[in-house]
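# pasting the sequence and the predicted model now:
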Amino acid sequence: MSEMNWSNLEDALARSSEKSKAEIAKEELEKMRANNQEIKERADLEAKANVLVEEINNLKAKAVTSEDWEEVIKRLDKLNKLCDIAEAREKGEVLPEDAREIMGDNFYGKEEIENAFGFEVKEEVPSIPYSVKELEKAKELEELLILRIKEDSHGNPMTIEKINEILKLKAIHSFEKYEEEPFYKEDSLETEWKLVSSSPVSNSINEDYFDQTIVLFNHLVMSNLIPKEESNKYFADMRRRELKALFLFNERYRRSPVEIIYDWVLIFKNKGTGGILEHCYDWSNEFSDGDKPISVSVTSTGEVHISRWRPEHGRNDYGVFSAR
């Protein structure tokens, strides 16, 4: 690995807590603009709600047939949705429709899941844990906003085994040798939103697993994508290459094998492409055969390749994707 400039990284950590007067003024201006936008949106919602209430009252007064009452119910549903939107706005939450507008083609939500896997998502979709500003930055970085779900429509955990059962995945080499391993049959997803890089982190190719982790840490710190308290917690241990810190960091910011395959399925089934995984393995945070991190890649025709490689040896087709 090229020598890490720890002094520059330390300076970046120190600067992350300092704000110039211009930055403070810019933040205040943005808050004012956001407040004005919130006032306008609230007024628009109230106007739409008032129109619906008037329509509902008029329809109820004239309703006779079942078709008339169906129209009342449709408008009541619309009114309930408006109330949900208003409540979310009041809490400062970003709604999926807002996130979709910001992220564009890099948004993978409930509709994309149902299209990819062919079943109805019955779980409650959690709130998006990112602000508009954070999503706009993610869009600039070409990250993907992905909704993951814990269970299929029958309540079965979303493991690699279950994904394979649902979709009959094609494999370059049979999954048979991995079928009894925990990462294949036991490790499952959590229901959550994640921002995932659409390509390997810069300079992570050809690095061994440990140096690759430091490259990922450097990327997140220099891009201000990791909370300051977390970066400070990891910094000293990273510099000493303390294995426990590297392991804990990878648990948080690398993907597991099931996450890699799930994310790829969403992209492949909705866009018809395997993306960058067609050219590069993603080295995961799970180990097999004792001490070999598991990696996943795919072909352009959708054949999945699960492999494992010794952590002390980098390869020119092994990178790391961030997940935060």
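Happy to help now that I have it.
# E251: neighbouring residues, count only.
Other residues lying near E251 total 11 when counted by other Cβ atoms under 10 Å. Yep, even glycine has a C-beta here, placed from its N, CA and C like the rest.
# what about stretch 123-136, start to end distance?
Start to finish, the residues bounding stretch 123-136 are 27 Å apart (Cα to Cα, to the nearest Å).
# also stretch 308-315?
12 Å.
# and the contacts of it?
Contact partners of stretch 308-315, identified using Cβ atoms under 8 Å, 6 or more residues apart in numbering, comprise 205-212, 281, 283, 287-289, 291-295, 318.
# give me the buried subset of those.
205, 207-212, 281, 283, 288, 293-295, 318 (16 or more other Cβ atoms under 10 Å).
# mind listing the strands for the stretch 101-250 of the chain?
Under the criterion DSSP state E, counting those that start in this stretch, strands of the stretch 101-250 of the chain are mapped to 107-108, 143-148, 170-171, 192-197.
# count of neighbours near the nearest residue to E120 once chain neighbours are set aside?
For E120, ignoring the flanking residues on the chain, the nearest one in space by Cβ to Cβ, 6 or more residues apart in numbering is S153 at 5.2 Å. When neighbours are counted by other Cβ under 10 Å, S153 registers 15.
# S153 and E123 touch, don't they?
No: using Cβ atoms under 8 Å as the test, S153 is too far from E123 to be in contact (9.2 Å).
# rewinding a little: in helices, which of the contacts of stretch 308-315 appear?
Cross-referencing the contacts of stretch 308-315 against helices under DSSP state H gives Y209, F210, D211, Q212.
# roughly how far does the third one sit from N203?
Same thing as D211. Counting by Cβ to Cβ, to the nearest Å, the separation of D211 from N203 is 10 Å.
# same question, the second one
Using Cβ to Cβ, one gets 14 Å for the distance from F210 to N203.
# need the contact list for the closest residue in space to S322 that isn't next to it in sequence.
Among residues not flanking S322 along the chain, S197 sits closest, at 4.5 Å (Cβ to Cβ, 6+ apart). With contacts defined as Cβ under 8 Å, 6+ apart, the neighbours of S197 are L141, E142, E143, L144, F321, S322, A323.
# any chance of JSON lines for the residues you listed, columns neighbour count and pLDDT?
Rendered in JSON lines, the data for these read as follows (neighbours: other Cβ atoms under 10 Å; pLDDT from 0 to 100):
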{"residue": "L141", "neighbour count": "16", "pLDDT": "94"}
{"residue": "E142", "neighbour count": "10", "pLDDT": "93"}
{"residue": "E143", "neighbour count": "23", "pLDDT": "95"}
{"residue": "L144", "neighbour count": "22", "pLDDT": "96"}
{"residue": "F321", "neighbour count": "27", "pLDDT": "93"}
{"residue": "S322", "neighbour count": "23", "pLDDT": "94"}
{"residue": "A323", "neighbour count": "23", "pLDDT": "95"}
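# widest-spaced pair of the residues you listed?
Across the contacts of S197, no pair lies farther apart than E142 and A323, at 14.3 Å, counting by Cβ to Cβ.
# quick one: mean pLDDT over the strand or helix carrying E46.
Element membership for E46, per DSSP states H and E: helix 21-62. For helix 21-62, the mean per-residue pLDDT is 73.
# after it comes which helix or strand?
Next in line after helix 21-62, if elements are assigned by DSSP H and E, sits helix 66-91.
# which residues of the protein score low on pLDDT?
Residue ranges of the chain with pLDDT under 70: 1-41, 85, 87-92, 242, 274-276.
# please redo it, this time with the cut-off set to 80
Low-confidence regions of the chain, defined here as pLDDT under 80, cover residues 1-46, 80-93, 172-174, 236-245, 273-279, 289-290, 300.
# mind checking how far stretch 70-83 is from the chain centre?
Shown here is stretch 70-83, whose average C-alpha point lies 31 Å from the average C-alpha point of the whole chain (Cα atoms, centre = their mean, to the nearest Å).
# how about stretch 166-174?
Distance of stretch 166-174 from the chain centroid (Cα atoms, centre = their mean) equals 24 Å.
# ok, and for it, which residues are buried?
Within stretch 166-174, the residues that qualify as buried are I166, L167, L169, counting by 16+ other Cβ under 10 Å.
# relative to E259, how far out is the residue nearest the centre of the chain?
With the centre of the chain defined as its mean C-alpha position, the nearest residue by Cα atoms, centre = their mean is K194, 2.0 Å away. In this structure, K194 and E259 are 8 Å apart, going by Cβ to Cβ.
# please apply the same query to W193.
From W193 over to E259 the distance is 13 Å, taken as Cβ to Cβ.
# okay, and the common contacts of the two?
Common contacts of W193 and E259 (Cβ under 8 Å, 6+ apart): R148.
# who has more neighbours out of these two?
E259 (26 against 19).
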